[in-house]
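**Student:** for reference, the sequence and a predicted model appear below.
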Amino acid sequence: MKDKEKKLTDISNPALVYAMEVLKEKKDKNSEMKFISELSRARFISPAIIEVKDENGEYKLAETDRISDPENTRINFMMLTQNTGKKFLPAFTDMDELKKWRKEEKLQTVVTTFDNHMEMILNDDDGPSGFVINPFGSNMILPRELLAQLKESADKHRDEKVMIGDPGEYPDDLVGALADFFEENGTVEKAYILMMKRGEQESYLLIIDFDNADDDLQRHKLFDAAAEATKDHLNGLSLSIASFADELGKKAADNKLPFYTR
């Protein structure tokens, strides 16, 4: 669990909220992958009861949410119970979503990640049946079975060797469609096109250097629009997109010439 390095009012996940909206509308593989990508980056507000050990060795309710002594702190996460009796850990993307549940009451909370929730659920056979994002809003439920599949897939991809290089045959149609899109969009400074091979699966790798790259929602919308603009020019392959601001993007584009410059 993350200590409160940020104020709760600073916790916001617009790109994840957008990805959830798209997934509920489209329910296709591409939307699923984008949702999972944003899920892995998110920071949630999770209600909990926080207790600290006093000088007598007894646990008492903490006066603040800040965890200064993890070894002597006990955190019990609050859960929601369905009509079926199944219990789920609630995770809120921002304070507005939390207030839909408890508007007036003072709540203790902890800032958590997707990995935190997955670990708590999968490491306890008698624990919660999953977790739910914004239960009084979009109500996105991730059951234990899905989390186990995601972990297995992540472990598999982690072990696969990734190779990145120049395309064997230059994709003129793809590059032309992207250049036209970038000219119209106006936020892209440079773009690179490469080939990526993960295990036996090949895909184009598009790396984009764009304005305000730290804005998750803008990144998500730009990547979505780029994917839409190129869907008829992929020659049967898929398209992976990375930001030049990310470690993968910088490393892959090192010493490469961009096909597009603003």
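**Tutor:** Yep, that arrived.

**Student:** spit out the contact partners of the residue nearest to the spatial centre of the chain.
**Tutor:** In the chain, the C-alpha closest to the average C-alpha coordinate belongs to Glu38, at a distance of 2.2 Å (C-alpha atoms, centre = their mean). Contacts for Glu38 (C-beta atoms under 8 Å, 6 or more residues apart in numbering) come out as Asn13, Ala15, Leu16, Tyr18, Ala19, Asp216, His220. Glycine gets a C-beta too; all of them are placed from N, C-alpha and C.

**Student:** remind me which helix or strand it belongs to.
**Tutor:** Per DSSP states H and E: Glu38 is located in helix 29-41.

**Student:** which strands and helices lie in contact with the helix or strand following that helix?
**Tutor:** Sequence order places strand 44-53 as the next helix or strand after helix 29-41, per DSSP H and E. Packed against strand 44-53 by the contact rule (3 or more C-beta pairs under 8 Å, 6 or more residues apart in numbering; DSSP states H and E) you find strand 59-61, strand 73-77, strand 87-91, helix 95-99, strand 109-112, helix 114-122.

**Student:** could those be laid out in CSV, adding mean pLDDT, distance to Glu247 and mean neighbour count?
**Tutor:** What follows is the helices and strands packed on strand 44-53, written out as CSV (pLDDT from 0 to 100; distance: least, C-beta to C-beta, whole Å; neighbours: other C-beta atoms under 10 Å):
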stretch, mean pLDDT, distance to Glu247, mean neighbour count
strand 59-61, 79, 41, 11
strand 73-77, 87, 31, 15
strand 87-91, 95, 26, 22
helix 95-99, 92, 30, 17
strand 109-112, 90, 23, 20
helix 114-122, 92, 18, 18
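
**Student:** so which of the ones you listed is nearest Arg43?
**Tutor:** Shortest distance between Arg43 and the helices and strands packed on strand 44-53, using C-beta to C-beta, is found for strand 109-112: 5.6 Å.

**Student:** mind showing which ranges of the stretch 51-200 of the chain have poor pLDDT?
**Tutor:** 64-70, 104-105, 156-160 (pLDDT under 70).

**Student:** repeat that with 80
**Tutor:** The model of the stretch 51-200 of the chain has pLDDT under 80 over residues 54-57, 59, 61-72, 103-106, 153-162, 198-200.

**Student:** any idea how far stretch 251-258 is from the middle of the chain?
**Tutor:** On the basis of C-alpha atoms, centre = their mean, to the nearest Å, stretch 251-258 is displaced by 25 Å from the centre of the chain it belongs to.

**Student:** for stretch 187-199, same thing?
**Tutor:** With C-alpha atoms, centre = their mean, you get 20 Å for stretch 187-199.

**Student:** using PDB, write out every CA atom in it.
**Tutor:** The C-alpha trace of stretch 187-199 is given here as PDB (Å, rounded to 0.1, in the frame of the first residue of the first chain):
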ATOM      1  CA  THR A 187      -0.200  17.900 -30.800                       C
ATOM      2  CA  VAL A 188       2.400  15.400 -32.000                       C
ATOM      3  CA  GLU A 189       6.000  16.600 -32.200                       C
ATOM      4  CA  LYS A 190       7.700  13.500 -33.600                       C
ATOM      5  CA  ALA A 191       6.700   9.900 -34.300                       C
ATOM      6  CA  TYR A 192       8.600   6.700 -35.000                       C
ATOM      7  CA  ILE A 193       7.500   3.400 -36.500                       C
ATOM      8  CA  LEU A 194       9.200   0.100 -35.600                       C
ATOM      9  CA  MET A 195       8.500  -3.600 -35.400                       C
ATOM     10  CA  MET A 196       8.000  -5.400 -32.000                       C
ATOM     11  CA  LYS A 197       8.100  -9.200 -31.500                       C
ATOM     12  CA  ARG A 198       7.000 -10.600 -28.200                       C
ATOM     13  CA  GLY A 199       7.300 -14.400 -28.200                       C
END
